[in-house]
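Enquirer: below: sequence and its predicted model.
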Amino acid sequence: MQLKDLDLSRLAYDIFSEDFEERIKEKIPEFREYDGKLGSLVVFRWIVLMWDINSPLSKMPEYSNYDVRLYTCASLVKFPKTKGVFTEEANEIIIGKNHSVNDMIVAYVTSFGLPEYSLLMAYLALYASEYRKILNGKGGKDSDKIMTAASDKVATYTRKVFGLGEQDEYSLRVQALYSRLEKEKERLRPEQIVRYFTDNNALPEGFNPYGEEYTIEINRDMKFVGDHLDE
């Protein structure tokens, strides 16, 4: 099987278009950070083919196994091989040992706004909150039940978000997801955003809803209703 044999029309990005790399970098900042030995084109194509919610391979029974799909996608996009075996650099990316690529994968998956991702955030926050109560001696009689239930939900939704097999529960790729979840929780707290803007005179990367080039000007953007009446 080759890429040309697959129906890729429903993918979020046309992986054969001339501006494919530019478009995905523009939409997902994490893709701008990649500087690995493998060419960015094959790595970006691999991520889209493997993790797009409309990837044709995810719908094929013969590729339902997570590891089989990982390596099949790598072969289809032409990850480099030596004597029929993936190179060390390629294999590290495939098995989740490249932190930059892990961040890109997580960013790509979460860009779809999956409801499972929101639920994962909620249960992870619940688990962390109950854990802090216990450490501070404020846990209740139901703390153990709450943490156990939350932990099970975290595991369930982690698998759903990534399509992971059982053996990948604690992979480095999942750690990258949890790292992003922590950042997301910080971004949801208004006081954190105010403090960041005060210290840096700018919003956190990826937070500005008007694009990264847009900057706030006090005289232009921070007027109260009715201020125009004095002009």
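Expert: The structure has been received and is ready for your questions.
Enquirer: tell me the phi and psi of residue 86?
Expert: With angles defined as degrees, to the nearest 10, residue 86 sits at phi -60, psi 140.
Enquirer: check contacts around residue 21.
Expert: The contact partners of residue 21, taken as Cβ atoms under 8 Å, 6 or more residues apart in numbering, are 31, 40, 41, 44. Using the backbone N, CA and C atoms, a C-beta is placed for each residue, glycine as well.
Enquirer: next: residue 11.
Expert: 48, 49, 52, 54, 55.
Enquirer: what about the nearest residue to it once chain neighbours are set aside, how many residues nearby?
Expert: The spatially closest residue to residue 11, leaving aside those adjacent along the chain, is residue 52, at 4.9 Å (Cβ to Cβ, 6 or more residues apart in numbering). The local packing of residue 52 (other Cβ atoms under 10 Å) involves 20 other residues.
Enquirer: residue 52 contacts residue 12, correct?
Expert: Yes: checked against Cβ atoms under 8 Å, the pair residue 52 and residue 12 is within contact range at 5.6 Å.
Enquirer: any idea how far residue 57 lies from residue 142?
Expert: Using Cβ to Cβ, to the nearest Å, residue 57 is found at 43 Å from residue 142.
Enquirer: ok, those two, which is more surrounded?
Expert: Set side by side, residue 57 and residue 142 give different neighbour counts by other Cβ under 10 Å, the larger being at residue 57 (18 against 10).
Enquirer: ok, the more buried one - contacts?
Expert: 6, 49, 50, 63, 69, 72, 73.
Enquirer: of the residues you listed, which belong to helices?
Expert: 49, 50, 69, 72, 73 (DSSP state H).
Enquirer: now neighbour count, pLDDT and distance to residue 17 too, for the residues you listed, in TSV please.
Expert: Shown next, in TSV, are these (neighbours: other Cβ atoms under 10 Å; pLDDT from 0 to 100; distance: Cβ to Cβ, whole Å):
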residue	neighbour count	pLDDT	distance to residue 17
49	23	94	14
50	22	89	19
69	21	84	23
72	18	91	23
73	23	92	19
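Enquirer: out of those, who's nearest residue 108?
Expert: Using Cβ to Cβ, the shortest approach to residue 108 within these belongs to residue 50, at 9.2 Å.
Enquirer: quick check: the closest residue to the closest one other than its chain neighbours vs residue 32, distance?
Expert: Of all residues not flanking residue 50 in the chain, residue 73 sits nearest, at 4.3 Å (Cβ to Cβ, 6+ apart). In this structure, residue 73 and residue 32 are 22 Å apart, going by Cβ to Cβ.
Enquirer: run through the neighbouring helices and strands of the helix or strand hosting residue 155.
Expert: With elements taken from DSSP states H and E, the one containing residue 155 is helix 143-162. With contacts defined as 3 or more Cβ pairs under 8 Å, 6 or more residues apart in numbering; DSSP states H and E, the packing partners of helix 143-162 are helix 99-110, helix 115-135, helix 172-187.
Enquirer: now the first one: buried residues?
Expert: Using 16 or more other Cβ atoms under 10 Å as the test for burial, helix 99-110 gives 100, 101, 102, 103, 104, 105, 106, 107, 108, 109, 110.
Enquirer: I'd like those residues as a markdown table, with pLDDT and distance to residue 156 appended.
Expert: Shown next, in a markdown table, are those (pLDDT from 0 to 100; distance: Cβ to Cβ, whole Å):
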| residue | pLDDT | distance to residue 156 |
| --- | --- | --- |
| 100 | 90 | 28 |
| 101 | 90 | 25 |
| 102 | 86 | 21 |
| 103 | 88 | 23 |
| 104 | 90 | 24 |
| 105 | 86 | 19 |
| 106 | 82 | 18 |
| 107 | 86 | 22 |
| 108 | 87 | 21 |
| 109 | 81 | 16 |
| 110 | 79 | 17 |
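Enquirer: no further questions, thank you.
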